[in-house]
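[1] Any chance you can model this:
(chains A and B)
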Protein chains: 2
Amino acid sequence: NSLNITPLNPAANDLARLERDVAQLKQGHGIEKMQYNHSTGTIEGLVHFPPAKVIILEGLHPLSTPVLRTLLDFSFFVDPSPDVKREWKMKRDMGTRGYTEQEVRKEMAAREPDYLAYVAPQKAYAQGIIGISFSRFGRELGWKENIYRVSLSMAPLPELHENVLMTFDLGAVLTAHTRPYSVGYMPVMNEGHHMGTLELDGGFPCDAAHELFARLREKTGIDPSALIPTCPLLTPTDIMQLIVCWRIISHRHMLD
Amino acid sequence: NSLNITPLNPAANDLARLERDVAQLKQGHGIEKMQYNHSTGTIEGLVHFPPAKVIILEGLHPLSTPVLRTLLDFSFFVDPSPDVKREWKMKRDMGTRGYTEQEVRKEMAAREPDYLAYVAPQKAYAQGIIGISFSRFGRELGWKENIYRVSLSMAPLPELHENVLMTFDLGAVLTAHTRPYSVGYMPVMNEGHHMGTLELDGGFPCDAAHELFARLREKTGIDPSALIPTCPLLTPTDIMQLIVCWRIISHRHMLD
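    Sure thing, here's the model as predicted:
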């Protein structure tokens, strides 16, 4: 861009304006949002953005200032493993963007210092961390079916007045009428904070998340299964998204 | 013993008599069973053993002859990892039996050739294999709480007209009100045969196996939870035992 810095550098972003915008939205006021064009790398003017009950702020710097960290009620840091990140970038940039493998590697290497300086430190402030690595059941499952080994680490909630069961049919296991999968839970430490990590890998039947679907439908009026094109196959990413939605909606209800 | 061979050698056992006994029991006749005294290593005469709907043949050579392999309707090979086996033997023989560590190691090494020659080959004929290794959540969990990483590999059943769900509460995961655990299923090959492997590790709440308890109670009239002293904590071994019982009872019903 015109400053000759990478978009990972906060100087390429008007974070003071972002802070004001988020504060306005939290107070229930609409904002005039800067519209960025990813193809040309320029700001294309302002669009009106109305307030809502749930606002999702997605980007490279949502936790990079103390004000933003205070404003956000809940935050996730998405942390794909280096080899997964490399594959995603290769597939995208060598495909639609027509770069050579060498060009992609060179650009990734050039961005790494800014990633470490400006993006990675936000992980310490996130209340949830989503790890993504290649499936233990085959690396190719990632690209072919969006099946990765996905972990969700969060600080334990003090309480949650609802149970949502995931189910696994032992009959399907004994008859081998199920795809390989794994589920695991364990406590971990992240930057000095106690967290619990849920890890999912492989392919799951939609029935496994039946209660999660029902709970979200009950809370939102929308049937989540209609939004998952691969049903009856659920990927770890699908299930984690449902859990994150449930977590956010439960949190929103608590604020009311 | 008097033949100066290890008990792992089939020559130390009257397998022809065992074949006759199993055949008699399968035909619904009682037998006069040889009574072996583990402390003295001698046969102490015969005891009457009546026939039953389910007969469990447990020992070192149940699959070592073609006749036995034909007679048994269902078979499991228990296959603890070498380090787990060593710990079990150390704890037992250095404890109640008063051996030194060196004596135990020496005896284990002396038995190894016969184990490989006579016991291990039966694994290829077993319809199920139970693997036991130290928990990924801590080796000490094995000795302290009987929590191991336990796998059950079986040839897939052609059909099974029942579903039994295991359940996991996502609410307990988000509030960290649950012990570390993992569950996984994947297809594997064993000696050229297709099998499915279910692997469990960690501690499970009894609720997780609620349907399995109910199914077994319904089929046997006995409440399995009364037989598990650690309830509400279920170990992987507990759950695998319940699954094996369910598998055997379902098979028995099919034979009727």
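
[2] outside of stretch A:23-35, which residues touch it?
    Outside of stretch A:23-35, the residues within contact range by C-beta atoms under 8 Å, 6 or more residues apart in numbering or on different chains are A:14, A:17, A:21, A:43-52, A:55, A:67, A:71. To be clear about C-beta, it is placed using only N, CA and C from the backbone, and glycine gets the same treatment.

[3] ok, now stretch A:202-220?
    With contact meaning C-beta under 8 Å, 6+ apart, stretch A:202-220 is reached by A:135, A:137, A:145, A:147, A:162, A:164-169, A:172, A:178-182, A:222-225, A:228, A:231-236, A:238-239, A:242-243, A:245-246, A:249, A:253, B:170, B:184-186.

[4] Among the contacts of stretch A:23-35, name the ones in strands.
    When DSSP state E is applied, the contacts of stretch A:23-35 are split such that A:43-49 fall in strands.

[5] Widest-spaced pair of these?
    A:I43 and A:H48 (15.5 Å; C-beta to C-beta).

[6] For these two, indicate the residue with more neighbours.
    A:I43 (11 against 8; other C-beta atoms under 10 Å in any protein chain shown).

[7] State the distance from that one to chain B.
    Relative to chain B, A:I43 is positioned 39 Å away (C-beta to the nearest C-beta, to the nearest Å).

[8] dump the residue contacts of that residue.
    Counting by C-beta under 8 Å, 6+ apart, A:I43 has contacts A:34-37.

[9] Could you rerun that using 7 Å?
    Neighbouring residues of A:I43 by C-beta atoms under 7 Å, 6 or more residues apart in numbering or on different chains: A:34-36.

[10] who wins for most neighbours among those residues?
    Taking other C-beta under 10 Å as the neighbour criterion, A:M34 ranks highest of the contacts of A:I43 with 16 neighbours.

[11] Just to be sure, it is in a strand?
    Yes - assigned with DSSP: H, G, I helix; E, B strand; the rest coil, A:M34 falls within a strand.

[12] what pairs with it across the strands?
    A:L46 (DSSP bridges).

[13] low pLDDT regions in chain A?
    Low-confidence segments of chain A, defined by pLDDT under 70, are located at A:1-5.

[14] Which elements pack onto the longest helix seen in chain A?
    Identified as the longest helix of chain A according to DSSP state H is helix A:236-255. On a contact count with 3 or more C-beta pairs under 7 Å, 6 or more residues apart in numbering or on different chains; DSSP states H and E, helix A:236-255 meets strand A:148-154, strand A:193-202, helix A:210-220.

[15] most packed of the ones you listed?
    Highest mean neighbour count among the helices and strands packed on helix A:236-255 (mean count of other C-beta atoms under 10 Å in any protein chain shown): strand A:148-154, with a mean of 23.

[16] just the angle between that strand and helix A:236-255, please?
    Angle between the axes of strand A:148-154 and helix A:236-255 is 20 degrees (criterion: axes from the mean of the first three to the mean of the last three C-alpha atoms, to 10 degrees).

[17] how much does strand A:148-154 deviate in direction from strand A:193-202?
    Using the same axes, to 10 degrees: strand A:148-154 against strand A:193-202 is 160 degrees.

[18] After strand A:148-154, which helix or strand is next? Please name it.
    Counting by DSSP states H and E, the next helix or strand C-terminal to strand A:148-154 is strand A:165-169.

[19] does any part of that next one sit near chain B?
    Yes - under the criterion of C-beta under 7 Å from any C-beta of the partner chain, chain B is reached by strand A:165-169 at A:165-169.

[20] Select from those residues the one having the most neighbours.
    For the residues of strand A:165-169 next to chain B, neighbours tallied by other C-beta under 10 Å; top is A:M166, 24 neighbours.

[21] Leaving out the residues flanking it, which one is nearest to it?
    Of all residues not flanking A:M166 in the chain, B:F168 sits nearest, at 4.8 Å (C-beta to C-beta, 6 or more residues apart in numbering or on different chains).

[22] List the residues that contact the one you found.
    A:165-166, A:183, B:208.

[23] Give me the buried positions along the helix or strand hosting A:D114.
    Applying DSSP H and E as the criterion places A:D114 in helix A:101-114. If you call a residue buried by 16 or more other C-beta atoms under 10 Å in any protein chain shown, then helix A:101-114 has these buried ones: A:104, A:108, A:111, A:114.

[24] And for stretch A:20-39?
    For stretch A:20-39, burial by neighbour count (16+ other C-beta under 10 Å) applies to A:21-22, A:25, A:31, A:34.

[25] for stretch A:6-24, same thing?
    Buried-residue list, stretch A:6-24, by 16+ other C-beta under 10 Å: A:6-10, A:12-13, A:15, A:18-19, A:21-22.

[26] what's the answer for stretch A:119-127, then?
    Within stretch A:119-127, judged by 16+ other C-beta under 10 Å, the buried ones are A:119, A:122, A:125-127.

[27] ok, and does that stretch reach over to chain B?
    No - for stretch A:119-127 and chain B, the contact criterion (C-beta under 7 Å from any C-beta) is not met; the two come no nearer than 11.7 Å.

[28] distance between the ends of that stretch?
    One end of stretch A:119-127 to the other measures 15 Å (C-alpha to C-alpha, to the nearest Å).

[29] ok, now stretch A:137-155?
    Start and end residues of stretch A:137-155 are separated by 28 Å (C-alpha to C-alpha).

[30] and that stretch, anywhere near chain B?
    Yes - using C-beta under 7 Å from any C-beta, stretch A:137-155 comes into contact with chain B via A:137, A:154.

[31] The longest helix of chain A vs strand A:165-169, what angle?
    On the basis of the same axes, to 10 degrees, helix A:236-255 is oriented at 150 degrees to strand A:165-169.

[32] B:P82: which of the contacts of B:F168 is nearest?
    A:V183 (28.1 Å).

[33] Adding distance to A:A155, write the buried residues of stretch A:119-127 out as CSV.
    CSV is the format used below for these (distance: C-beta to C-beta, whole Å):
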residue, distance to A:A155
A:V119, 21
A:Q122, 16
A:Y125, 12
A:A126, 10
A:Q127, 6
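
[34] Just flag the most distant two among those.
    A:V119 and A:Q127 (17.0 Å).

[35] Report the closest residue of the stretch 1-150 of chain A relative to chain B.
    Closest residue of the stretch 1-150 of chain A to chain B, C-beta to the nearest C-beta: A:F137 (6.5 Å).

[36] How is that residue assigned, secondary-structure-wise?
    Assignment for A:F137 (three-state DSSP): coil.

[37] so it makes contact with A:P180?
    Yes - counting by C-beta atoms under 7 Å, A:P180 is a contact partner of A:F137 at 4.5 Å.

[38] what's the overlap in contacts for these two?
    A:202, B:186.

[39] picking that back up, mind giving me the PyMOL command for buried ones among the ones in strands among the contacts of stretch A:23-35?
    Buried members of the ones in strands among the contacts of stretch A:23-35 can be picked out in PyMOL with the line below, counting by 16+ other C-beta under 10 Å:
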select buried, chain A and resi 49
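
[40] Centroid-nearest residue for chain A?
    By C-alpha atoms, centre = their mean, the mean C-alpha position of chain A lies nearest to A:V78, the distance being 5.0 Å.

[41] Can you name the residues that contact that one?
    A:I130 are the contacts of A:V78 under C-beta under 7 Å, 6+ apart.

[42] Could I get the contacting residues of the nearest residue to A:T65 once chain neighbours are set aside?
    Spatial nearest neighbour of A:T65, excluding adjacent residues (C-beta to C-beta, 6+ apart): A:L15 at 5.7 Å. For A:L15, the contacting residues are A:61, A:64-65, by C-beta under 7 Å, 6+ apart.
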